[in-house]
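> My questions are about this predicted structure, shown below with the sequence.
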Amino acid sequence: MLFTYAFGGWSELLIFLCIAMAVDYITGVAAAIRTKDKLNSEIGFWGLSRKGLMLLVILIANQLDMLMNTDMIKGGAIYFYLANELISITENFSRIGFPIPNILKKIIYVLKSQSDEEEKKEKESNEKMTRKTNTVQDVTNKDIEAESEEDSNK
């Protein structure tokens, strides 16, 4: 009952996402074994934590849908995370040595490139905002210091 309320029911799409999450985790472990990378419990923990956080975002998206009387936000969040999981599964298969069709490799490359560009732009935007915030804080601090000096001179 709690899951039904939290996620608005177990749709086929949500079930597919959960299956993709499990397959991604399993293929990630298989890829680490195949490439002779050490299995790292910390990496595994953060991988599972990331999947749990995805479900929390979907839970929040469902609550927003309920508030706004829509049925789009949760679906959009699920599709977004599902695309990421499917890309990760494909990458894991590639690391294992499983043959991947060239067209699929090209699509993944394009999607990752777009994602990397968006991430870079967002990072640059955040850095600009941080610089602006720091400048405002510096000006404010100077004003406060000036007022303190004026008060102490009186």
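The structure has been received and is ready for your questions.

> List the buried residues of stretch 14-29.
With burial defined by 16 or more other Cβ atoms under 10 Å, the residues of stretch 14-29 counted as buried are 14, 17, 20-21, 23-25, 27-28. For glycine as for every other residue, the C-beta is placed from the backbone atoms N, C-alpha and C.

> Look up how far C18 lies from T35.
26 Å (Cβ to Cβ, to the nearest Å).

> pLDDT at I96, what is it?
With respect to pLDDT, I96 scores 92.

> now the strands: where do they sit in this protein?
Taking DSSP state E as the criterion, the chain carries no strands.

> Outline the domain layout of this structure.
Structural domains assigned to the chain are 1-100, 102-154, following automatic domain parsing.

> G9: what's it in contact with?
By Cβ atoms under 8 Å, 6 or more residues apart in numbering, the contact set of G9 is empty.

> still on that earlier bit, most tightly packed of the domains of the chain?
domain 1-100 (a mean of 15; mean count of other Cβ atoms under 10 Å).

> Just the C-alphas of stretch 50-66, formatted as CSV.
Taking Å, rounded to 0.1, in the frame of the first residue of the first chain, the C-alpha atoms of stretch 50-66 are listed here in CSV:
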residue,chain,number,x,y,z
ARG,A,50,22.3,6.2,-6.8
LYS,A,51,19.6,3.8,-7.8
GLY,A,52,17.8,4.5,-4.5
LEU,A,53,18.0,8.2,-5.0
MET,A,54,16.5,7.8,-8.5
LEU,A,55,13.5,6.1,-6.9
LEU,A,56,13.3,9.0,-4.5
VAL,A,57,13.2,11.5,-7.4
ILE,A,58,10.4,9.4,-9.0
LEU,A,59,8.6,9.4,-5.7
ILE,A,60,8.8,13.2,-5.6
ALA,A,61,7.8,13.5,-9.2
ASN,A,62,4.7,11.4,-8.4
GLN,A,63,3.8,13.7,-5.5
LEU,A,64,4.2,16.7,-7.9
ASP,A,65,1.9,15.0,-10.4
MET,A,66,-0.7,14.5,-7.6
